[in-house]
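Asks: below is the sequence, then the predicted model.
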Amino acid sequence: EPQLNAVAAILSPESGLFDSHGYMLALEGEIEAAGGSVVTSAPFEGAEPLQGGGFTVRVGGEGAMSITSRLLVTAAGLSAQVVASSIEGYPADLIPAGHFGKGVYFRLSGPAPFNRLIYPPPIPGALGTHYRKDLGGQGVFGPDLAYVDVEDYSVDPAKAEQFAGYIRRFWPDVQVERLSPDYAGIRPKLHGKGQAQPDFQLRGIESHGIEGLMALFGIESPGLTSSMAIGEAVADRLAG
């Protein structure tokens, strides 16, 4: 990578791009092939443990209903705390505080400067602004990190100069005119600004005392690429 400005680097030959939408479609296909269903536009309204085990789950949306389940896994991202608080008997003092960590991306017009993923040293609380080529071969930089109080997915074009200043540290030839706003995401963080960053939280009966329930908190973006391992850990805990 001759355009990279660096004193040293670590090469990760197996790192690459991840087609998140293709991955989710594949999982949906496997679930349906096994006799399961993926139901959207059916918001979780609450749940109550049943005598003898299992749960009654209230489902909203068009044709609202109640269903029963033997096990219940909640992995609601930004809404994880709200979902846990709507489960009858879940101890309120054991629901970790949640924080919204917004990150925006800028897209690079013209030729991509690097063929590999470029990750500068991380910033407190996040990996920091890094570089990748998308599946179409275009360069993308991001995300940054800003703590916000509401879900807002807008991207301020005025941030382009700030991005360019950060990028120049590892790519001195960046031109701010080539950067255009792309998209934004919000991570469900368990820590605020200046606080130590904890790991994912997988809370089972030993934590909240409710048999058959696994509640997941703080599953930030690395949770996507580690989702199979998380799923296996949840299944093992519930089976045990």
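Replies: Sure thing, it's come through.
Asks: lowest average confidence, helix or strand, in the chain?
Replies: helix 222-225 (a mean of 91; mean pLDDT, DSSP states H and E).
Asks: tell me which residues are up against that helix.
Replies: 18, 20, 23, 200, 230 (C-beta atoms under 8 Å, 6 or more residues apart in numbering). For every residue, glycine as well, the C-beta is placed using N, CA and C.
Asks: ok, now with 10 Å
Replies: 18, 20, 23-24, 75, 77, 127, 187-188, 200, 216, 229-230 (C-beta atoms under 10 Å, 6 or more residues apart in numbering).
Asks: got the CA positions of it in PDB?
Replies: Extracted as PDB, the C-alpha positions of helix 222-225 are listed here (Å, rounded to 0.1, in the frame of the first residue of the first chain):
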ATOM      1  CA  PRO A 222     -18.600  -6.400  16.100                       C
ATOM      2  CA  GLY A 223     -21.600  -8.500  17.200                       C
ATOM      3  CA  LEU A 224     -22.500  -8.900  13.500                       C
ATOM      4  CA  THR A 225     -19.400 -10.700  12.500                       C
END
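Asks: roughly how far apart are the nearest residue to residue 87 once chain neighbours are set aside and residue 88?
Replies: Excluding its sequence neighbours, the residue lying closest to residue 87 (C-beta to C-beta, 6 or more residues apart in numbering) is residue 47, at 4.8 Å. Between residue 47 and residue 88 the distance is 7 Å, computed by C-beta to C-beta, to the nearest Å.
Asks: common neighbours of these two, please.
Replies: In contact with both residue 47 and residue 88: 55, 56, 210, using C-beta under 10 Å, 6+ apart.
Asks: so the second one is in which element?
Replies: Taking DSSP states H and E as the criterion, residue 56 maps to strand 55-59.
Asks: gap between the residue lying closest to residue 113 once chain neighbours are set aside and residue 17?
Replies: Using C-beta to C-beta, 6+ apart and skipping the chain neighbours, the partner closest in space to residue 113 is residue 3 (4.9 Å). Distance, residue 3 to residue 17, using C-beta to C-beta: 20 Å.
Asks: residue 36 and residue 69 touch, don't they?
Replies: No. Applying C-beta atoms under 10 Å, one finds residue 36 not in contact with residue 69, separated by 11.8 Å.
Asks: which one's more surrounded, these two?
Replies: Taking other C-beta atoms under 10 Å, residue 36 and residue 69 do not tie; residue 69 has more neighbours (13 against 10).
Asks: for the more buried one, list each beta-bridge partner.
Replies: Beta-bridge pairing for residue 69 (DSSP bridges): residue 55.
Asks: domains for the chain, by residue range?
Replies: The chain breaks down into these domains under automatic domain parsing: 30-96+199-239, 99-189.
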